[in-house]
Every structure is written in C-alpha cells, then in structure tokens.
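K.L.:
Predicted model follows, preceded by the sequence.
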Amino acid sequence: MKKNIILTVSALLLFFASCKEKKEKQEESVEMETKVEVEAPAPAEIIPIEHATAVIEWGGNTIYIDPVGGIAAFEGQKSPDIIFITDEHGDHYNTDTLNELDLEGVKIIAPEAVALQMPEELSSKTTTMKNGETKEIAGFSVKAIPMYNLREEAKDFHTKGRGNGYVFTFGDERIYFSGDTEDIPEMRALENIDKAFVCMNLPYTMTVESAADAVLEFKPKQVYPYHFRGRPEVSDVEKFKTIINEGDSNIEVVQLDWYPNEDY
C-alpha cells in the first residue's frame, strides 16, 4: 500500500513538473513571437518642391518625382534613391537637373518616350514602365497609370500611352500622382487611394471642375491639388476645394505650397 502511495505521488510530481515545463515553453514561445514582431513603416512624407516636382520619404527611401529646377531646388533634401518621371515635357523631365544630382546607385523609372530622349549615361540607369504595368521596388509597389488629354483641342499635348501617372503602395498606404492628364476613365476607376495628387491647369491638362468631378467619383481619402500653374491663368484651387467640400465632405482637401517663389 505504502509503495502504491509513493508511486502515485511520484507520478503526480512528474505530471505537475511536465505541466510547468510546458507552460514555461509556451510563455517563452509567446515572448519570442512578440520580440520578432516588425513595426510597420510610418506613412510616407510628401515634400512639395515646385509645380509637378515632389520628394517622398518612406521606409528609408528618398524618392524624387519629376525632378526639375536644378540641384538648388532640392537644397536641404536627401539625395534620391529612386527617381520617377511622368512625361517628356520640360516641367517633368530635365536632363540638366538629373546630371546635377548625385545618381550613384540611383534607379530611374520613366516612360519609354522619356528614356528615348535621354543621353546614354542617363538611359543606362533607367527602367521603362508602360501604362498598366506594376513593379516591386525597394519594399513598395508602383503601378503606371495612363495620363492623356480628352479635349480635341488638347489631344496633341499628351497622347494616350506616352506618359505615366503612378500609384504607389507604401505598406497599407496608396498614393496617386496624376502627372499631366484630364479626367480620364482610368483615373475615375481608381480604388482605395489614400492621397491623390491631381493636376489642373489649362490649356495643358484639365479644368478645376473636371478635376473635382473625377475626384468625387474615385473618392480618395485626401486630395492634394498640384500642377495648377497654367497659361496665362493659375487655376483656382479654392474653387476646387469648395466643389469637393460640397460634393463629399469625407474627402479632405490638402493645400501645400507648390509655388514657393510665387504669390499663389
């Protein structure tokens, strides 16, 4: 009888020891899982330079959009890791500016029409993207969106297939740069856009009313009017904001200083 009691106690001690060891391993496993959790990158920081030119800071990457204006325009900014160009016109592509930048190890993404105009030292660094194409670069994805004119009198400014707008996906954040375009079906069909940078200037792109109508259809969380200096008039971004606010108060209009050397 005494022997049976001893065996029973021993078995219970082994059982509790085993349970304790299992619990400690589970707690250790949970602790390890907690330690390896990766913190999501902060939202992208958008820095306006002028007109169509911007700098994006995200995930340790410095991205230049349509760099023009010479190296002086980027005073105080980090050197680029990646450059995106939307169109061949001088307010989007400028050879002299690119040559002034530090391009060591830099990737350039551009439409074929731009790459064909580049000297060899720039084209050799350039990867082309066509409308509708998606690429994975440096931890984010980018899709080339068509940009072109619809009005008969403006069709020669931007023909379909020549230039690219871009939708960037930085983690969970989706950011759209329109480039030079009117309110085309491809823009109206965009979905889940967090920040939309939308052009509006005549005679080259579209009216304030057309831009607002398109934005009210694809409903980004925020819209940033940019590229609004026209000839001879500057587009009325306050009117654009009023139309958006009256049409959908859920869309936030954010106005940045795209013309630091001008009064508008």
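P.N.:
Sure thing, it's come through.

K.L.:
what about the helices in the stretch 1-150 of the chain?
P.N.:
Taking DSSP state H, counting those that start in this stretch as the test, the helices found in the stretch 1-150 of the chain are 2-35, 95-100, 112-115, 120-123.

K.L.:
Next: the stretch 151-264 of the chain.
P.N.:
Using DSSP H, counting those that start in this stretch, helices in the stretch 151-264 of the chain cover 185-188, 208-218, 237-247.

K.L.:
mind checking which of those is nearest Asp194?
P.N.:
For Asp194, the closest of these is helix 208-218, at 11.9 Å, according to CB to CB. For every residue, glycine as well, the C-beta is placed using N, CA and C.

K.L.:
could you say what helices and strands the closest one packs with?
P.N.:
On a contact count with 3 or more CB pairs under 8 Å, 6 or more residues apart in numbering; DSSP states H and E, helix 208-218 meets helix 185-188, strand 195-198, helix 237-247.

K.L.:
Could you identify which of those is most buried?
P.N.:
Ranked by mean neighbour count under mean count of other CB atoms under 10 Å, these are led by strand 195-198, which reaches a mean of 25.

K.L.:
so what strands line up beside that one?
P.N.:
Strand 195-198 sits in its sheet next to strand 173-177 (parallel), strand 222-225 (parallel), going by DSSP bridges.

K.L.:
what sits up against the shortest one?
P.N.:
In this structure, residues lying in contact with strand 222-225 by CB atoms under 8 Å, 6 or more residues apart in numbering are 46, 194-198, 200, 211, 215, 235, 237, 240-241, 244, 251-256.

K.L.:
quick one: buried residues of that strand?
P.N.:
Of the residues in strand 222-225, 223-225 count as buried by neighbour count, 16 or more other CB atoms under 10 Å.

K.L.:
just those now: which is nearest Ile65?
P.N.:
Tyr224 (12.1 Å).

K.L.:
okay, the strands paired with strand 195-198 in TSV with mean pLDDT next?
P.N.:
Listed next are the strands paired with strand 195-198 as TSV, based on pLDDT from 0 to 100:
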stretch	mean pLDDT
strand 173-177	98
strand 222-225	98
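
K.L.:
Make JSON lines out of the ones you listed and add distance to Ala52.
P.N.:
Below are the strands paired with strand 195-198 laid out as JSON lines (distance: least, CB to CB, whole Å):
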{"stretch": "strand 173-177", "distance to Ala52": "8"}
{"stretch": "strand 222-225", "distance to Ala52": "12"}
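
K.L.:
Distance of Pro225 relative to Val254?
P.N.:
Taking CB to CB, to the nearest Å as the measure, Pro225 falls 9 Å from Val254.

K.L.:
Please apply the same query to Thr86.
P.N.:
In terms of CB to CB, Thr86 sits 20 Å off from Val254.

K.L.:
out of these two, which sits in the more crowded spot?
P.N.:
Between Thr86 and Val254, counting by other CB atoms under 10 Å, Thr86 is the more crowded of the two (30 against 13).

K.L.:
residues contacting the more buried one?
P.N.:
Residues near Thr86 by CB under 8 Å, 6+ apart: 52, 65-66, 92, 111, 147, 163-166, 177, 179-180.

K.L.:
same deal with Ser79?
P.N.:
62, 101-102, 106.

K.L.:
how far away is it from Asn131?
P.N.:
Distance from Ser79 to Asn131, by CB to CB: 29 Å.

K.L.:
Equivalent analysis for Gly76, please.
P.N.:
Taken as CB to CB, the span from Gly76 to Asn131 is 34 Å.

K.L.:
Look at the two and report which has more neighbours.
P.N.:
Asn131 (18 against 6).

K.L.:
tell me the pLDDT at that one?
P.N.:
Predicted confidence (pLDDT) for Asn131: 97.

K.L.:
Select from the contacts of Ser79 the one having the most neighbours.
P.N.:
Thr62 (19 neighbours).

K.L.:
Quick check, that residue in contact with Phe74.
P.N.:
No - Thr62 is beyond contact range of Phe74, at 9.9 Å (criterion: CB atoms under 8 Å).

K.L.:
Need the overlap of contacts for the two.
P.N.:
Val55.
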